[in-house]
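[1] Take this sequence and fold it.
(one chain, ligands or ions: 1)
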Amino acid sequence: MTVIPSLTLNTQDPMPLLGLGVYKATAPNEVETAISAALDAGYRLIDTASVYKNEDGVGRAVKASSVPREELFITTKVWNTAQRIGNIEGAFERSLDRLQMDYVDLYLVHWPVPGCYLDTWRALEKIYASGRAKAIGVSNFEIHHLEELYQISGIVPAVNQIEYHPLWNQSELRAYCQEKGIAVQAYAPLARGAYFNRDTIIQIGKKYGKTPAQTGLRWLIQKGISVIPKSSNPARIASNADVFDFELNDIEMRAIDALDEKFRSAGIPEDLR
Ligand SMILES: NC(=O)c1ccc[n+]([C@@H]2O[C@H](COP(=O)([O-])OP(=O)(O)OC[C@H]3O[C@@H](n4cnc5c(N)ncnc54)[C@H](OP(=O)(O)O)[C@@H]3O)[C@@H](O)[C@H]2O)c1
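    Okay, the predicted model is just below:
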């Protein structure tokens, strides 16, 4: 079992550098099986969202596991519709009900919905103050969104979860976040497979006996970025976590940096286009 290191959030709580994403794991029992395999492989962070429609399965998997709740780091997110309706507290309580939990470790604003996200953030501040979210953060926020939050809030987001991988190296946003004490978490860290056929990645990985997926994840982790690769396959879940026994050198890091082509693998939700 891999021991997964953590970074320290601005709340002073630890957050694992690697966790399991569960987007699209909605077939019967799929998320339960994936989480069980992930916990066996040493994962302790699970990233879900109300819009993934599997918070209930996440809750069942956590209940069924022998890992104590306090050793887990559970993230969920408030969706755009709830932001437009304006009842964040209701959305949060429904997430907790489905998860069968009385707190989450991280609650995120899933997208900066124009005209809504500042009010959403104010609602998250209250949830944080109540102790039902140990940390609050944002996702898909750019620098100007974060600047706006500073104007209205005394709470700096603990995390900004953004698409980040070798084909989209968001170095400017990362530098900004890390300077402000906002942990960066990479979603779609595998770019859904889009860089697995790149020669640079294949050759660097080969040197260490690692797959393209492991090489891309390692590049992110060495930048101090937490990663949440999704897989529902137990062998790939274990393999994706096997990234803490090698280190890329500066030349290799720069060679992967150079693959950036601002490639977006996950897309923007229809209601925000
Ligand atoms: N905040 C946001 O707006 C946002 C947006 C998108 C995603 N996310 C979060 O980030 C997580 C990860 O992103 P993602 O799911 O979009 O993409 P991803 O993790 O980059 O890629 C997942 C895809 O890669 C496959 N895969 C996983 N490991 C593999 C391996 N070792 N070799 C070959 N293929 C492999 C998976 O298939 P199998 O399952 O068959 O292995 C799946 O099709 C999501 O699950 C979600 O939790 C957040």
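[2] ok, the spatially closest residue to residue 80 that is not a sequence neighbour to residue 271 distance?
    Among residues not flanking residue 80 along the chain, residue 113 sits closest, at 4.9 Å (Cβ to Cβ, 6 or more residues apart in numbering). In short, each C-beta sits where N, CA and C put it, glycine included. Relative to residue 271, residue 113 is positioned 8 Å away (Cβ to Cβ, to the nearest Å).
[3] higher neighbour count, those two?
    Taking neighbours as other Cβ atoms under 10 Å, residue 113 and residue 271 compare with residue 113 leading, 20 against 11.
[4] which residues touch the closest residue to the ligand within the chain?
    Across the chain, no residue is closer to the ligand than residue 21, which sits at 2.3 Å (Cβ to the nearest ligand atom). Going by Cβ atoms under 8 Å, 6 or more residues apart in numbering, residue 21 touches 47, 187, 228, 229, 230.
[5] most surrounded residue in those residues?
    residue 229 (28 neighbours).
[6] ok, which stretches of the stretch 1-150 of the chain are strands?
    Using DSSP state E, counting those that start in this stretch, the strands of the stretch 1-150 of the chain run over residues 6-8, 14-16, 20-21, 45-47, 73-78, 106-109, 136-139.
[7] buried ones in the second one?
    For strand 14-16, the buried set under the neighbour-count rule, 16 or more other Cβ atoms under 10 Å, comprises 15, 16.
[8] strand partners of that strand, parallel vs antiparallel please.
    strand 6-8 (antiparallel) (DSSP bridges).
[9] Show me the contact partners of the strand it pairs with.
    For strand 6-8, the surrounding residues in contact (Cβ under 8 Å, 6+ apart) are 14, 15, 16, 17, 183, 224, 226.
[10] swap in stretch 192-202?
    In contact with stretch 192-202 (Cβ under 8 Å, 6+ apart) are residues 165-167, 190, 211-213, 215-216, 255-256, 258-259, 263, 265-266.
[11] residues from the chain in reach of the ligand?
    The chain comes close to the ligand at residues 21-23, 47, 110, 139-140, 161, 187-193, 213, 228-233, 236, 239-240, 266, as judged by Cβ under 6 Å from any ligand atom.
[12] Kindly give a single ChimeraX line that selects the buried subset of those.
    ChimeraX command restricting the residues of the chain next to the ligand to the buried ones, with burial defined by 16+ other Cβ under 10 Å:
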select :21,22,23,47,110,139,140,161,187,188,189,190,191,213,228,229,230,231,232,236,239,240
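[13] Any idea how far apart the tips of stretch 15-23 sit?
    End-to-end distance of stretch 15-23 (Cα to Cα, to the nearest Å): 20 Å.
[14] those helices in the stretch 51-200 of the chain, which residues are they?
    Applying DSSP state H, counting those that start in this stretch to the stretch 51-200 of the chain gives helices spanning 55-64, 80-85, 88-99, 117-130, 143-152, 171-180, 199-208.
[15] Reformat those as CSV; add mean neighbour count.
    Converted to CSV, the helices of the stretch 51-200 of the chain look like this (neighbours: other Cβ atoms under 10 Å):
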stretch, mean neighbour count
helix 55-64, 20
helix 80-85, 18
helix 88-99, 18
helix 117-130, 18
helix 143-152, 14
helix 171-180, 15
helix 199-208, 16
